[in-house]
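Engineer: just a sequence and a predicted model for now, questions to come.
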Protein chains: 2
Amino acid sequence: MNSFTAKTIEQITPLDETTMQAARARQDQLTKPQGALGRLEALSIQIAGITGNVRPRLKQPVVITMAADHGIARQGVSAYPSEVTPQMVLNFLHGGAAINVLARHVGARVAVVDMGVAAELPVHPELTNCKIAYGTRDFSSGPAMTWDEAERSIQAGIEIALREISRGADLIGTGDMGIGNTTPSSAIVATITNRSVAQVTGRGTGVDDAGLSRKIQTIERGLQLNQPNPADGIDVLSKVGGFEIGGLAGVMIGAASKRVPVVIDGFISGAAALIACTVAPSVQPYLIAAHRSVEIGHRAMLDHMRLTPLFDLDLRLGEGTGAALGISLCIAACKILDEMATFVDAGVSEKS
Amino acid sequence: MNSFTAKTIEQITPLDETTMQAARARQDQLTKPQGALGRLEALSIQIAGITGNVRPRLKQPVVITMAADHGIARQGVSAYPSEVTPQMVLNFLHGGAAINVLARHVGARVAVVDMGVAAELPVHPELTNCKIAYGTRDFSSGPAMTWDEAERSIQAGIEIALREISRGADLIGTGDMGIGNTTPSSAIVATITNRSVAQVTGRGTGVDDAGLSRKIQTIERGLQLNQPNPADGIDVLSKVGGFEIGGLAGVMIGAASKRVPVVIDGFISGAAALIACTVAPSVQPYLIAAHRSVEIGHRAMLDHMRLTPLFDLDLRLGEGTGAALGISLCIAACKILDEMATFVDAGVSEKS
């Protein structure tokens, strides 16, 4: 990897155990049976350990939604045409997409990033142009991108995370848009978790049986041809990845380097997390898996990273929609830790 | 049942199928693959059918948290002493309990109701006095309450729901507080779902092995003695129930009669829902199960009512904490239906 990314990774520390113990002790003094708020308690303690604050107050959540196109889409692996990628970016900028609705609902901002959309996009205050190229190349006939493009996509993601954090972001959600991007995500999970392609490939936005079978064969051909090295995240990214996947991996690395928790969305964000954790295993404790996606390969990803999703609402949209709902749970968990009365404060009798 | 309750039940209608079809059609035109938001889409359609509005806008959620004491607590079935019930009611009124924190987080008001706390409580604008008695009697040595008390607790709950709705509430969550109340709830689920007591009895706020064994034996003795009729909800409530359980059953009936959705919390609200659905099966479509509780009997309840919880965060607190988080998901689901752009609005290409 390049020196910028290497230096960022060097700054990532383990979670602060002392703060986590203090947060656990505080949870146990709050007016409820110990452990009665289950996953919310564990989540608050993780965030305390990430931030180094016993009572973290998360005020400025942002969902970073990265868009890019995929050469592999020409193989008929998606139910939608590639022109939908830029159309949906415009929809994000106009506030009409699901991620806009859910981000507004939870009080988060949406930062849209063009990592490699195969179209010209307008200048807009909520859109950042980090276009690495006009889409990746078709990985069924060669590498998806050059090594340099892979490194630059990760660096761009780190820079976006650092920019958002310098502007006050204290909780980051990840999201994606890219027609065809479940295909590179399946290729990544098959490679890194050593599963067969058929085990980790689903219908994405909704291909039929013939489409699914074509998708599996296309990925198998691409892996056979490119031979990505599962131990080298940049090799995997360059051979079978995508620019938004590299960018989101960078966002996770950048956020971890600044001790900011990252709520990862579904399957594409999961592929980015696999790249990030392969490049830098120290990122893993900073990740919070929002939900379990309908995409069948998602379970293998989460198992590999030892992440347990917060909820399962049968979502399969991406954009950061699951991450937005997860952000609301993170904030709720921290408010429990910060705002509840203790047994002593409230004059409530403890367990006999 | 009394004529007030009977007349309320007569007003409950099936969900509006025409509105649900229109809401389904609208979901399918929004800029996302059809069905990609999974349970959120189904939830929005249910709420459309409940309210009769294709684009329901939920603006005034309220969590109704009902408190009462239980004579059965004298049998050592809880880890906490009964004095905690009034102490926690004061904590609710001071805003320091988990339900206050989570209700604030989701923008809901908490309406606290004394259905039968065994202590004098202060006059407070957020506390309604519907005290049926100073706690139930110990159901291991006779019925928990008289038939008249059971009817009055349901009627009081209906009246509370109607009052909140007349003040503008358009989404109701249910919550409970009552030391010992997992014990009557287990007795109710064992009776109505025809399960053994051991199958549906858990540790509540945290009894040890000896306490759990005592709890199971106490419930078995109570059921043997009282012989509640599983087909008669008021008989079950009067013999082995609780005043907050009757009150919450009434809240569900009252809300359904006014076409207001009800988000039910965990195990105690589930017991109330079993009573409500036994008394009035037409209530069921108006119920939304927020979460799956850690209490082992909860699954049997939900299966019996054919309800699928929205999430599972290992919660076991009650108070309406799970319902508050469920309220946020209901509002999110309705915002998706109402606020998202259609393919035509946004100029996005449809599936090929």
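Structural biologist: Thanks, I have the structure now.
Engineer: backbone phi and psi for the spatially closest residue to A:Arg109 that is not a sequence neighbour, please?
Structural biologist: Excluding the flanking residues, the one nearest A:Arg109 by CB to CB, 6 or more residues apart in numbering or on different chains is A:Val62, at 4.8 Å. (Each C-beta comes from the backbone N, C-alpha and C, glycine too.) The phi/psi pair for A:Val62 (degrees, to the nearest 10) reads phi -140, psi 140.
Engineer: and A:Val62, what does it touch?
Structural biologist: A:Ala108, A:Arg109, A:Val110, A:Ala111, A:Glu164, A:Ala169, A:Leu171, A:Ile172, A:Gly173 (CB atoms under 8 Å, 6 or more residues apart in numbering or on different chains).
Engineer: those, buried ones only, as a PyMOL selection?
Structural biologist: The buried residues among these can be selected in PyMOL (16 or more other CB atoms under 10 Å in any protein chain shown) with this line:
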select buried, chain A and resi 108+109+110+111+164+169+171+172+173
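Engineer: who's the residue nearest to A:Arg109 bridged to?
Structural biologist: A:Arg109, A:Ile172 (DSSP bridges).
Engineer: next one: it from chain B, what distance?
Structural biologist: 18 Å (CB to the nearest CB, to the nearest Å).
Engineer: same check on A:Glu319?
Structural biologist: Using CB to the nearest CB, A:Glu319 is found at 8 Å from chain B.
Engineer: I figured that residue hits A:Ala97, correct?
Structural biologist: Yes: using CB atoms under 8 Å, A:Glu319 is in contact with A:Ala97, at 6.2 Å.
Engineer: show me which of those two is the more surrounded one.
Structural biologist: A direct count of neighbours by other CB atoms under 10 Å in any protein chain shown for A:Glu319 and A:Ala97 places A:Ala97 higher, at 32 against 29.
Engineer: spit out the contact partners of that one.
Structural biologist: For A:Ala97, counting by CB under 8 Å, 6+ apart, the contacting residues are A:Met88, A:Asn91, A:Glu319, B:Thr31, B:Lys32, B:Met340, B:Ala341, B:Ala346.
Engineer: for it, phi and psi?
Structural biologist: phi -90, psi 170.
Engineer: sorry, back to before: any chance of TSV for the contacts of A:Ala97, columns secondary structure?
Structural biologist: Listed next are the contacts of A:Ala97 as TSV, based on DSSP: H, G, I helix; E, B strand; the rest coil:
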residue	secondary structure
A:Met88	helix
A:Asn91	helix
A:Glu319	coil
B:Thr31	coil
B:Lys32	coil
B:Met340	coil
B:Ala341	coil
B:Ala346	helix
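Engineer: point out where the stretch 251-352 of chain A drops to low pLDDT.
Structural biologist: Scanning the stretch 251-352 of chain A for pLDDT under 70 picks out A:352.
Engineer: can you pull out the helices in it?
Structural biologist: Along the stretch 251-352 of chain A, the stretches classed as helices by DSSP state H, counting those that start in this stretch are A:267-279, A:298-305, A:321-339, A:343-346.
Engineer: quick one, which of those helices is nearest to B:Leu43?
Structural biologist: Checking the helices of the stretch 251-352 of chain A against B:Leu43 by CB to CB gives helix A:321-339 as the closest, at 12.4 Å.
Engineer: got the CA coordinates for the closest one in PDB?
Structural biologist: The C-alpha trace of helix A:321-339 is given here as PDB (Å, rounded to 0.1, in the frame of the first residue of the first chain):
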ATOM      1  CA  THR A 321     -30.200   2.600   4.500                       C
ATOM      2  CA  GLY A 322     -29.400  -0.100   7.000                       C
ATOM      3  CA  ALA A 323     -26.500   2.000   8.400                       C
ATOM      4  CA  ALA A 324     -28.800   4.900   8.900                       C
ATOM      5  CA  LEU A 325     -31.100   2.800  11.100                       C
ATOM      6  CA  GLY A 326     -28.000   1.400  12.900                       C
ATOM      7  CA  ILE A 327     -26.800   5.000  13.600                       C
ATOM      8  CA  SER A 328     -30.100   5.600  15.400                       C
ATOM      9  CA  LEU A 329     -29.500   2.600  17.600                       C
ATOM     10  CA  CYS A 330     -25.900   3.700  18.400                       C
ATOM     11  CA  ILE A 331     -27.100   7.100  19.500                       C
ATOM     12  CA  ALA A 332     -29.900   5.500  21.600                       C
ATOM     13  CA  ALA A 333     -27.300   3.200  23.200                       C
ATOM     14  CA  CYS A 334     -25.100   6.100  24.100                       C
ATOM     15  CA  LYS A 335     -28.000   8.200  25.500                       C
ATOM     16  CA  ILE A 336     -28.900   5.200  27.700                       C
ATOM     17  CA  LEU A 337     -25.400   5.300  29.100                       C
ATOM     18  CA  ASP A 338     -25.300   9.000  29.500                       C
ATOM     19  CA  GLU A 339     -28.800  10.100  30.500                       C
END
